[in-house]
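Undergrad: need a structure here:
(4 chains)
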There are 2 protein chains.
Amino acid sequence: MGPARISLPTSINGFSYADISKELGITKASLHYHFPAKAELGRSLIERYCNAFRGALLEIESTDRDPRKKLRRYAGLYAEVLRRDRMCLCGMLAADYSVLPRPMQDAVRAFFDANETWLSSVLEEGRKRKVLRFRGPPREEARLLLGALEGAMLVARSYGDVSRFSSSADRLLQDLSAS
Amino acid sequence: MGPARISLPTSINGFSYADISKELGITKASLHYHFPAKAELGRSLIERYCNAFRGALLEIESTDRDPRKKLRRYAGLYAEVLRRDRMCLCGMLAADYSVLPRPMQDAVRAFFDANETWLSSVLEEGRKRKVLRFRGPPREEARLLLGALEGAMLVARSYGDVSRFSSSADRLLQDLSAS
DNA sequence: GTCTATAGGTGGATAGAC
DNA sequence: GTCTATCCACCTATAGAC
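TA: Numbers count the residues shown, from 1 in each chain, chains lettered A, B, ... in the order given. Got it, this is the predicted structure:
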């Protein structure tokens, strides 16, 4: 009898059973008990990350009213990650999207969707309150923001230069401010 | 005696001696004759890609005068890659920047630098001719454009949706048009 | 649930024949 | 220059003892 699952191409995007099990202080085999296959382990990692991010967005929602401030804090989340010399997990995984197992692909998109939805609602609110100005549907502007911030983060990290990110983020938000 | 080189962590970002040698119709060992270590193989790949891209930029320079048109064609290069369901090589590699060998890191940054420089000169020209409008130094706007397009590409490919990229690109260029 | 041990595969890299 | 053969490290995944 053949194996029930086919092994994935080695080391999908830098994290492995060895890495994680060592960090948890257990063995690879034990980790396999909880997450039989890489696809599920990866999906769980992404969902964990996504939930933490959602938490941060809720925090922003509950402490700030001004849509402009919300966007500034949203960009601040990215800058914070960069400052620790790290990169958005989903931005990284998106680079290898085509070779990810389906469950991980779905989780990455769910992260993007969540960001897009949150941004859309903030943009819509800002437009209603006449503090933000942009053309077309909020969803399109949200997609522009999400992509632009992820990309700015990606490039800025290659230069180890947070200000490179902040400069782009500031320009984007400035363009949104109703004068 | 130990080995002269230390092996890199397996499979840096999806391309391998096996992949490339198969495509070339030779063996891995033969490929190692031309590129002893992965760092040099990777650097060569990136430089090849970078040169092809520079060629495309020169082509744009030599056939179009209007800076707005140049930018539209620049964004068109990205869209073309996306249409083939592919992604910018350097955008992909930037995601794993921190674990790339130095020669590959340098080559990735050289690609970004080249793009930034080209965009800067187009933006500056557009401002002089009063067909483009933006705040601050051209270099900063160029960085915003580069990051935003790379990021839009990254996200759009996760959805297999070119229009998602084009929509963001159009918005960016629209904002630059002097009204 | 956690462990040891191992299978089976792929990765980069080298030795040596031709 | 290209080949076969091999090495060692690491990967995902499983079997089976405790």
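Undergrad: Is there proximity between stretch A:156-174 and chain B?
TA: Yes. Judged by CB under 8 Å from any CB of the partner chain, stretch A:156-174 comes into contact with chain B through A:156-159, A:164-165, A:167-168, A:171-172, A:174. Bear in mind the C-beta positions are built from the backbone N, C-alpha and C, glycine included.
Undergrad: Oops, could you answer that again for stretch A:80-99 instead?
TA: Yes. Stretch A:80-99 is in contact with chain B by CB under 8 Å from any CB, via A:85, A:87, A:91-92, A:94-99.
Undergrad: most neighbours, which of those residues?
TA: Comparing these by number of neighbours (other CB atoms under 10 Å in any protein chain shown), A:A94 comes first, having 30 neighbours.
Undergrad: From chain B, how far off is the closest residue to DNA strand C within chain A?
TA: In chain A, the residue that lies nearest DNA strand C is A:A29 (2.9 Å; CB to the nearest atom of the strand). Applying CB to the nearest CB, to the nearest Å, the value for A:A29 to chain B is 21 Å.
Undergrad: does any part of the helix or strand A:L41 falls within sit near chain B?
TA: In this assignment (DSSP states H and E), A:L41 forms part of helix A:38-63. No. In terms of CB under 8 Å from any CB, no part of helix A:38-63 sits within range of chain B; the closest distance is 12.2 Å.
Undergrad: I'd like the average pLDDT over that helix.
TA: If you average the pLDDT over helix A:38-63, you get 97.
Undergrad: What is the subsequent helix or strand relative to that helix?
TA: As assigned by DSSP H and E, the chain's next helix or strand after helix A:38-63 is helix A:67-83.
Undergrad: neighbouring contacts of the helix or strand following that next one?
TA: Where DSSP H and E defines the elements, the next helix or strand beyond helix A:67-83 is helix A:89-95. For helix A:89-95, contacts defined as CB atoms under 8 Å, 6 or more residues apart in numbering or on different chains pick out A:13-14, A:45-46, A:49-50, A:100, A:104, A:108, A:111-112, A:150, A:153-154, B:87, B:91-92, B:94-96, B:151, B:154-155, B:157-158.
Undergrad: And stretch A:51-60, by the same measure?
TA: Here stretch A:51-60 makes contact (CB under 8 Å, 6+ apart) with A:70, A:73-74, A:77, A:111, A:114-115, A:118.
Undergrad: Check the residue of chain A with the smallest separation from chain B and give its pLDDT.
TA: Relative to chain B, the nearest point of chain A is A:G151 (2.1 Å; CB to the nearest CB). Predicted confidence (pLDDT) for A:G151: 98.
Undergrad: And for it, nearest residue in space, chain neighbours not counted?
TA: B:G151 (2.1 Å; CB to CB, 6 or more residues apart in numbering or on different chains).
Undergrad: picking up where we left off before, please tell me the pLDDT value assigned to the residue of chain A closest to DNA strand C.
TA: 98.
Undergrad: Distance check, it against DNA strand D.
TA: Remark: distance between A:A29 and DNA strand D (CB to the nearest atom of the strand, to the nearest Å) = 4 Å.
Undergrad: Low-confidence bits of chain A, can you list those?
TA: Along chain A, the parts satisfying pLDDT under 70 run over A:1-12.
Undergrad: Can you flag the buried ones in the residues of stretch A:156-174 next to chain B?
TA: A:156-159, A:164-165, A:167-168, A:171-172 (16 or more other CB atoms under 10 Å in any protein chain shown).
Undergrad: Could you export these as JSON lines, including secondary structure and distance to DNA strand D?
TA: Converted to JSON lines, those look like this (DSSP: H, G, I helix; E, B strand; the rest coil; distance: CB to the nearest atom of the strand, whole Å):
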{"residue": "A:A156", "secondary structure": "helix", "distance to DNA strand D": "27"}
{"residue": "A:R157", "secondary structure": "helix", "distance to DNA strand D": "22"}
{"residue": "A:S158", "secondary structure": "helix", "distance to DNA strand D": "23"}
{"residue": "A:Y159", "secondary structure": "coil", "distance to DNA strand D": "27"}
{"residue": "A:R164", "secondary structure": "helix", "distance to DNA strand D": "31"}
{"residue": "A:F165", "secondary structure": "helix", "distance to DNA strand D": "29"}
{"residue": "A:S167", "secondary structure": "helix", "distance to DNA strand D": "36"}
{"residue": "A:S168", "secondary structure": "helix", "distance to DNA strand D": "34"}
{"residue": "A:R171", "secondary structure": "helix", "distance to DNA strand D": "39"}
{"residue": "A:L172", "secondary structure": "helix", "distance to DNA strand D": "36"}
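Undergrad: No further queries at this time; thank you.
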